[in-house]
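Need a 3D model of the following:
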Amino acid sequence: MEMGVSVVICCHNSAKRLPPTLAHLAAQQDCDGIPWEVIVVDNASQDNTADVAISLWPQNAPAPLRVVREERLGLTYARMRGFNEARYEIVSFIDDDNWVYPDWIKLGWEIMTQNPDVGACGGQGEAVFETEPPWWFEQFKGSYGVGHQVANNIDSAQEALTLWGTGFKRKSAWLQLVENGFKPLLVGRQGNRLLSGEDIEISLALRLAGWKLLYDPRLKFKHFLPAYRLNWNYLRRLVRGFGISNVRLDPYRFALDGEPKTLRQKLERTWQWQVLSGLIQFRRFRKTITKLLLRQPTEGNYYVLQLERHIGRLFELLRLRGLYNRWVKEIQNAPWRGIAQQVIRIARRQESP
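Numbers count the residues shown, from 1 in each chain. So this is what the prediction gives:
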């Protein structure tokens, strides 16, 4: 695999959002000795995303840019296309509303080349607001991909890390997963459908394969938040989508926990247990449900968001009857588990003098 950095921007109707995103990439500094490229994946856009991307990229930019089309709508499909199109080993996925700092390429290159056992690395998002943010934003900013991905002791939290959003991934790690039968369970955001979790799914799969994950707060980017996203009803929809996606992440978390040792642990990994416990847990939300039914003010209420997440999860469980238990078994016995050491050994040999 050729060493360098492939920046992949997955876009759906992104013509209005792309200008500052590309401007920040074109302004990268101290990366003259690093081979890199920019790939814009046009994910079934119906606007002029492709034309805008090509026209905005400066002729004297520090790296070439090309546009590829992915007709299957869904962020996971767009990212899979990005991996396949990437020329280089280190792949940086940047959302179309993320503005990376001038040292993004330089730092990402250093981190990934100095740590051959790291399959993915994430950074820190900072909010940029179109309008004044609501009073509750700071409490729930993590739902917007803003802030530290690891709280408090960063070093001790790396082992249990999952990564969301903009960051760096190793193409050889991805190819190794795919070649050994890995198929994502999540599709990601599809147009206006507020689904997510595909970043976390890849993180969990990489950990199961034996790769390490890393969070480095030096990697910084700004996340532009338009006014319509700073709305309480939008956040409720977003969090319900988290609940929906969370169901398909269960098999990975179960597998990382190891073989069940007790009957209870075995039962907890079944669709029947998850549905029954989900129904029972509705008792925790009696007061919240009453407030909603009586149309009492609930903006900024933590328990309203927890209820939305719970509803999304339970509805998805009911929809996936017949698949849930099968997925748990498939991930538990996946042939790509623990296969990372082969790639890591090759990488270390290539770096040896």
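
Can you give me the distance of residue 21 to residue 35?
21 Å (CB to CB, to the nearest Å). Glycine gets a C-beta too; all of them are placed from N, C-alpha and C.

Over to residue 313?
Distance from residue 313 to residue 35, by CB to CB: 43 Å.

between these two, who's got more neighbours?
Between residue 313 and residue 35, counted using other CB atoms under 10 Å, the more crowded position is residue 313 (22 against 15).

so the more buried one touches residue 248, yeah?
No: if you go by CB atoms under 8 Å, residue 313 and residue 248 don't touch, sitting 10.4 Å apart.

how about the helices in the stretch 1-150 of the chain?
18-26, 49-56, 75-85, 104-114, 137-140 (DSSP state H, counting those that start in this stretch).

Let me see the residues that make contact with the shortest one.
So that's helix 137-140. Helix 137-140 is contacted from outside by 127, 144, 230, 235, 300, 302, 305, using CB atoms under 8 Å, 6 or more residues apart in numbering.

make it 10 Å
127, 129, 134, 143-144, 146-147, 225, 230, 232, 235, 238-239, 300, 302, 305 (CB atoms under 10 Å, 6 or more residues apart in numbering).

Surely residue 224 is in a helix?
No: counting by DSSP: H, G, I helix; E, B strand; the rest coil, residue 224 falls outside a helix, being strand.

who's in contact with it?
Residue 224 neighbours (CB under 10 Å, 6+ apart): 17, 20, 21, 95, 96, 97, 98, 99, 127, 128, 129, 130.

Return the member of those residues nearest to residue 67.
Nearest to residue 67 among the contacts of residue 224 is residue 96, at 12.7 Å by CB to CB.

if I pick the nearest residue to that closest one once chain neighbours are set aside, what's in contact with it?
Nearest in space to residue 96, with sequence neighbours left out and distances taken as CB to CB, 6 or more residues apart in numbering, is residue 14 at 4.1 Å. Residues in contact with residue 14 (CB under 10 Å, 6+ apart) are 21, 40, 42-43, 45, 47-50, 52-53, 95-97.

next SSE after the lowest-mean-pLDDT helix or strand in the chain?
Of all helical and strand segments in the chain, the minimum by mean pLDDT, DSSP states H and E falls on helix 154-157, at a mean of 48. Per DSSP states H and E, helix 154-157 leads on to strand 167-170 as the next helix or strand towards the C-terminus.

Show me what the following helix or strand past that following strand is packed up against.
Sequence order places helix 171-179 as the next helix or strand after strand 167-170, per DSSP H and E. Contacts defined by 3 or more CB pairs under 10 Å, 6 or more residues apart in numbering; DSSP states H and E place helix 171-179 against helix 75-85, strand 90-95, strand 118-129, helix 198-209, helix 340-351.

how about stretch 301-313: buried residues?
301, 304, 305, 306, 307, 308, 309, 310, 311, 312, 313 (16 or more other CB atoms under 10 Å).

Now go through the residues you listed and say which are in helices.
In this view, those that belong to helices under DSSP state H are 304, 305, 306, 307, 308, 309, 310, 311, 312, 313.

Go through those residues and say which is closest to residue 70.
Distances from residue 70 to those, taken by CB to CB, are shortest for residue 312, at 26.4 Å.

so what's that closest one closest to, chain neighbours aside?
The nearest residue in space to residue 312 (CB to CB, 6+ apart) is residue 243, at 2.8 Å.

OK, contacts around the one you found?
278, 305-317.

same check, this time on residue 334
177, 180, 181, 182, 183, 205, 208, 209, 251, 252, 255.

Buried among these? Make that a ChimeraX selection.
Those of the contacts of residue 334 that count as buried under 16+ other CB under 10 Å are selected in ChimeraX with:
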select :177,182,205,208,209,251,252,255
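
First residue to last residue on stretch 15-29, what's the distance there?
One end of stretch 15-29 sits 25 Å from the other (CA to CA, to the nearest Å).

Kindly provide the whole-number mean pLDDT of it.
The average pLDDT within stretch 15-29 is 95.

quick one: the residue of the chain positioned farthest from its centre from residue 300, how far?
Within the chain, the residue lying farthest from the chain centre (CA atoms, centre = their mean) is residue 294, at 36.6 Å. According to CB to CB, residue 294 and residue 300 sit 17 Å apart.

Kindly report the same for residue 332.
Taking CB to CB, one finds residue 332 at 40 Å from residue 300.

Just give me the neighbour total for the closest residue in space to residue 119 that isn't next to it in sequence.
Leaving aside its sequence neighbours, residue 119 sits nearest to residue 211 (CB to CB, 6+ apart; 2.9 Å). Applying other CB under 10 Å, we find 24 residues neighbouring residue 211.

check contacts around residue 211.
For residue 211, counting by CB under 10 Å, 6+ apart, the contacting residues are 117-120, 169-170, 173, 176-177, 203, 205, 339-341, 343-344.

Right, I'll call it a day here.
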